[in-house]
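Asker: would you be able to build a 3D model of this:
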Amino acid sequence: MPAPNFDLCLVTDRSLTRGRDLLWVLEQALAGGVKAVQLREKDLGGRDLFDLAEKVRDLCDRYDTALFINDRVDVALAVDAAGVQLGKASLPLETARLLLGPKKFLGYSIHSVEEGQRAERLGADFVLFGPVYFTPSKASFGAPQGLAALKKSVEILALPVYAIGGVTAENANRVQGVGARGVALISAIISAENPREAAQTMVGLLRR
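Answerer: The predicted model follows:
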């Protein structure tokens with residue numbers, strides 16, 4: 001499996017669009033240069049998530065952007081997404097890999113080096129490490145890990161490590177400065193007054 005070729009993964013949350021249609025926000029972000037989207041709408045049932053995933057996949061296809069489905073391997077396969085993003089409460093990694101086959105990406109969310117090493121052994125292609133900074137969406141996962149813990153994960157793990165949790169245009173360069181492959185974020189683009197401009201700014205920062 002080739003390594004991920006994106007610097008920025010935009011994670012969705014319909015509750016943070018400021019009343020705007022999610023597909024409109026996503027299209028603005030894709031026009032701004034986003035090359036990976038994680039569809040993460042945990043409140044949706046299987047049918048509603050599938051319907052939304054089909055629309056998001058069509059949108060991503062138009063912009064040559066990778067689509068990852070959070071947690072739901074079945075939906076990812078049904079819409080032919082690029083892969084899935086799993087965590088501790090998801091299907092076991094080895095089971096997900098068997099279902100996905102060798103040609104789909106398997107991302108895994110971690111909060112420690114030890115979790116990352118396990119993900120590495122069991123077939124993950126990349127990991128999201130966090131929360132690096134405080135963010136309400138990740139508050140349930142505990143206190144922010146900080147840059148030192150992110151740096152340690154980058155140094156020890158062979159997998160590409162993406163930083164998540166409170167990443168903004170103001171601190172993205174610090175995240176890259178400790179060796180992170182890229183970032184995953186929600187509100188810095190989803191809630192931005194101008195999602196396209198916010199995406200362009202973040203993509204530009206990460207390509208330096």
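
Asker: only C-alpha atoms from now on, for both contacts and neighbour counts.
Answerer: OK.

Asker: state the helix or strand in which Leu67 lies.
Answerer: Taking DSSP states H and E as the criterion, the element that holds Leu67 is strand 66-70.

Asker: who does that strand pair with, and is each partner parallel or antiparallel?
Answerer: Take DSSP bridges as the rule and strand 66-70 pairs in its sheet with strand 36-39 (parallel), strand 83-86 (parallel).

Asker: after that strand, which helix or strand is next?
Answerer: Using DSSP H and E, the helix or strand that follows strand 66-70 towards the C-terminus is helix 73-78.

Asker: the strand holding Leu67: how far from the chain's middle?
Answerer: 8 Å (CA atoms, centre = their mean, to the nearest Å).

Asker: just stretch 154-161 next, same as before
Answerer: The answer for stretch 154-161 is 16 Å, by CA atoms, centre = their mean.

Asker: now what about it, what contacts it?
Answerer: If you take CA atoms under 8 Å, 6 or more residues apart in numbering as the criterion, stretch 154-161 is touched by 3-4, 113, 116-117, 120, 125-129, 153, 178-182.

Asker: what do you get for stretch 97-116?
Answerer: 1, 73, 77, 81-88, 96, 119, 123-131, 145, 149, 152-153, 156-157.

Asker: which of the residues you listed fall in helices?
Answerer: Val73, Leu77, Ala96, Ala119, Ala149, Lys152, Ser153, Ile156 (DSSP state H).

Asker: generate a ChimeraX selection restricted to the buried subset of those residues.
Answerer: Buried residues among these (16 or more other CA atoms under 10 Å), as a ChimeraX selection:
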select :73,77,96,119,149,153
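
Asker: for Arg97, see how far away Phe1 is.
Answerer: If you look again at residue 1, you'll see it is Met, not Phe. Counting by CA to CA, to the nearest Å, the gap from Met1 to Arg97 is 12 Å.
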